[in-house]
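1. Build me a model from this:
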Amino acid sequence: MSARRKLLALAATGLVGAGAATTAVMAAQPGGPDLSNVPTANPKSDGLSPATRLSAELSETVVAQGSTKLENPSALTSYYGYFNDVLNAAGAPQMLPTPTTPATEAQKSEPDKNTYLVLRNLHGADPAYDYGKHFLYQGHEVGSNGASYITRINLDADAAHRVTLLATKDTSGASIAGIDGSTWDPFARRLLFTTEDSGAPIYSATPDYPSTVTDISGALGRSGYEGIQDDSRGDVWILDDTSGPAKGTTTAKQPDGYVYRYVPKHPGDFAHGRLQALQVLDDAGQPITFESQSALNSPDQVALHTYGKTFRTRWITIHDTATDGNATPFESDQLAHSAHATPFKRPENGLFRPGVGFRQFFFDETGDTNATSPENDTAGGWDSIFKLTQHDPGADTGTLTIFYKGDEAHAGIDNVAWLSHDQVTFVEDAGDTLHTQRNALDSGFVFNARADYSNPANQPVRWLAEGRDPSATIDSANGGFDKNEGDNEITGAHVSDGDPSTAGILGARNPQLGNGHWRWFYTQQHGDNPTYEVTLRQHGWSWF
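-> Alright, predicted model coming up:
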């Protein structure tokens, strides 16, 4: 059979072989990658800094790393991934510990989610320089004494102008809090940045230098916000990565993170609108709540994580600026709890499936990230991916099903990016504890939206077995010197053509990696904090 006919046959079945024991499920379709499986994750071993391994069809290039000097250093930070809290004799941040007593190093800023945009006539710190038109934006997750920052990687620029510090303060003069999620709102022509600390703001920011950063939590609230995504109506969907209390003396955590939808009065309006929380109904039509999931392996929680079950959903308004005002930030999780919305086990990120009219929203639960959790196999302890289906993005009701229930080899998933109409990558953030327990560092996987993962023969394809750089290895062995994280984590997985119009909203159209416009990025967080662009080797692409 010819290679083209073989790919067509595989596309029809949705199956691509990845070894004798399991079947790796892929969709070889126009503009979509057909990736080979990396058979194992990298091990975690004391003092070992293994290299990252990618699918044979992929390669990656560093576009910036923690030690990349900013074109416009400030007192807070001079380099892409470091604060200036500990300086060496030359006045640069101490990037590795020295044999002093006690050993110490600079705080690492942990650049997080990436947002790619193609914009013209933007400025930087050098008024005489042409910064090009291809830009990658990041918020930095960690703060030094409560202060963090926003950067822009100028992908067309030379080394001296490669990274611009856009902002360290908001319009009130307050320091920017540690940032986690980001997206672009084409209606307001603003970047949106979330913060994972429940008391910290959610921001809108202009894309040019210097950026004007505004706290919009008087309308959108505050919680452990992480994933954020626009829909075609201008609504903003937000995931709340909040972990509940432990269930008794176990390592299982009570679900306590919510799925939100902000409905603006007019698209792009972050001062007037309604914040809603998702409520899931059980078989008897009653809400699945925080209380109903409080017991270990509660019936509601186990049911949510059972393949083949479908649940009805509805959106509940928990805050309306028309009646509640917008002058005072509010804690959205408290309102969601009181309204009997449905919490999940650390929902971190979600995106709309492309090319389906914003009718399918896939989101993940990171889970308990501990191999000893008694809810791992039954109630989302390893991790989960859910699919929310509505007849349009603004519908008040819909249905929820579990798409994938994790296991030890696919645990602690976090970031998400769609590679094509059917292919979606979720990447792990399992953490040092689980890395040690399973002797495996994080991986990135590609799932097929058409696959039935209740069949154990169907398995996602590992496209990335993340390594661990020496800096992260040192931190892991030394508790991060009481300030930094340990093992490397995969974050900021992002695929976009950079279109800043409403046609470029993630999910509006099918990604076409390899056509020269769509680009794929991720960040290896912690350690050296490099941000990579992933590219596909010509021979691995499905051209038909």
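
2. ok, for the residue nearest the centre of the chain, nearest residue in space, not its chain neighbours?
-> The centre of the chain sits closest to residue 415, judged by Cα atoms, centre = their mean, with a distance of 3.1 Å. Spatial nearest neighbour of residue 415, chain neighbours left out: residue 493 (4.2 Å); criterion: Cβ to Cβ, 6 or more residues apart in numbering. Every residue, glycine included, has its C-beta placed from N, CA and C.

3. thought that neighbour was touching residue 446?
-> No - the criterion here is Cβ atoms under 8 Å, and residue 493 misses it with residue 446 at 10.8 Å.

4. which residues are in contact with both of the two?
-> Residues touching both residue 493 and residue 446 by Cβ atoms under 8 Å, 6 or more residues apart in numbering: residue 425.

5. Secondary structure class of the residue nearest to residue 415, three-state.
-> strand (DSSP: H, G, I helix; E, B strand; the rest coil).

6. Against residue 65, how distant is it?
-> In this view, residue 493 and residue 65 are 17 Å apart by Cβ to Cβ, to the nearest Å.

7. The two: who's more crowded?
-> residue 493 (26 against 20; other Cβ atoms under 10 Å).

8. On the pLDDT front, check the more buried one for me.
-> At residue 493, the model reports a pLDDT of 98.

9. Over to residue 434. Which of the three states is it?
-> helix.

10. what's the answer for residue 440, then?
-> Look at residue 440: counting by three-state DSSP, its state is coil.

11. My guess is it contacts residue 50. True?
-> No - checked against Cβ under 8 Å, the pair residue 440 and residue 50 is beyond contact range at 10.9 Å.

12. shared neighbours, these two?
-> With Cβ under 8 Å, 6+ apart, residue 440 and residue 50 have common neighbours 42, 43.

13. ok, the two, which is more surrounded?
-> Higher neighbour count among residue 440 and residue 50: residue 440, with 21 against 17, using other Cβ under 10 Å.

14. That one and residue 39: what is the separation?
-> Residue 440 is 12 Å from residue 39, where distance means Cβ to Cβ.

15. Same check on residue 233?
-> In this structure, residue 233 and residue 39 are 43 Å apart, going by Cβ to Cβ.

16. and the residue nearest to the centre of the chain, what does it touch?
-> By Cβ under 8 Å, 6+ apart, residue 415 lies in contact with 113, 348, 349, 426, 427, 429, 490, 491, 492, 493, 522.

17. which SS class is it?
-> strand.

18. same question, residue 323
-> Residue 323 is classified as helix under three-state DSSP.

19. which parts of stretch 329-347 are buried?
-> 329-330, 332-333, 335-337, 339-347 (16 or more other Cβ atoms under 10 Å).

20. same check, this time on stretch 297-313
-> Residues of stretch 297-313 classed as buried by neighbour count (16+ other Cβ under 10 Å): 297, 298, 300, 301, 303, 304, 305, 311, 313.

21. I'd say the second one and residue 379 touch.
-> Yes - taking contact to mean Cβ under 8 Å, the distance of 7.4 Å between residue 298 and residue 379 places them in contact.

22. where along the stretch 301-450 of the chain do the helices fall?
-> For the stretch 301-450 of the chain, the helices defined by DSSP state H, counting those that start in this stretch occupy 321-324, 332-338, 431-438.

23. got the contact list for the last one?
-> Yep, that's helix 431-438 we're talking about. Taking Cβ under 8 Å, 6+ apart as the rule, helix 431-438 contacts 44, 369-372, 408-409, 411-412, 430, 441-442, 476, 485-487, 489.

24. show me what contacts residue 187?
-> Residues near residue 187 by Cβ under 8 Å, 6+ apart: 230, 234, 267, 268, 502.

25. give me the low-pLDDT residue ranges for this structure?
-> Low-confidence segments of the chain (pLDDT under 70): 1-31, 538-544.

26. And the helices in it, which stretches?
-> Applying DSSP state H to the chain gives helices spanning 3-13, 217-220, 299-304, 321-324, 332-338, 431-438, 470-477.

27. So for residue 357, which of the ones you listed sits nearest?
-> Residue 357 lies closest, by Cβ to Cβ, to one member of the helices of the chain: helix 3-13, at 22.0 Å.

28. I'd like to know which elements whichever strand in the chain runs longest is packed against.
-> Using DSSP state E to assign secondary structure, the strand with the most residues in the chain is strand 310-320. Judged by 3 or more Cβ pairs under 8 Å, 6 or more residues apart in numbering; DSSP states H and E, strand 310-320 is in contact with strand 273-280, helix 332-338, strand 397-405.

29. I'd like these written out as a markdown table, with distance to residue 133 added.
-> Output for the helices and strands packed on strand 310-320, formatted as a markdown table (distance: least, Cβ to Cβ, whole Å):
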| stretch | distance to residue 133 |
| --- | --- |
| strand 273-280 | 32 |
| helix 332-338 | 36 |
| strand 397-405 | 36 |
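
30. Which residue is the nearest non-sequential neighbour of residue 350?
-> Nearest residue to residue 350 in three dimensions, chain neighbours excluded: residue 363, at 2.9 Å (Cβ to Cβ, 6+ apart).

31. Quick one: residues contacting the one you found.
-> Contacts of residue 363 by Cβ under 8 Å, 6+ apart are 227, 239, 259, 347, 349, 350, 351, 385, 386, 388, 416.

32. now, which of these sits nearest residue 466?
-> Among these, and counting by Cβ to Cβ, the member closest to residue 466 is residue 416, at 16.1 Å.

33. Show me the beta-bridge partners of the closest one.
-> Under DSSP bridges, the beta-bridge partners of residue 416 are residue 426.

34. count of residues packed around it?
-> With other Cβ under 10 Å as criterion, residue 416 counts 25.

35. wait, doesn't it sit right on residue 428?
-> No - under the criterion of Cβ under 8 Å, residue 416 makes no contact with residue 428, lying 11.6 Å away.

36. My understanding was that residue 183 contacts residue 504; is that so?
-> No - with contact defined as Cβ under 8 Å, residue 183 does not count as touching residue 504 (11.2 Å).

37. More neighbours: which of these two?
-> residue 183 (25 against 17).

38. Okay, and the beta partners of that one?
-> residue 192.
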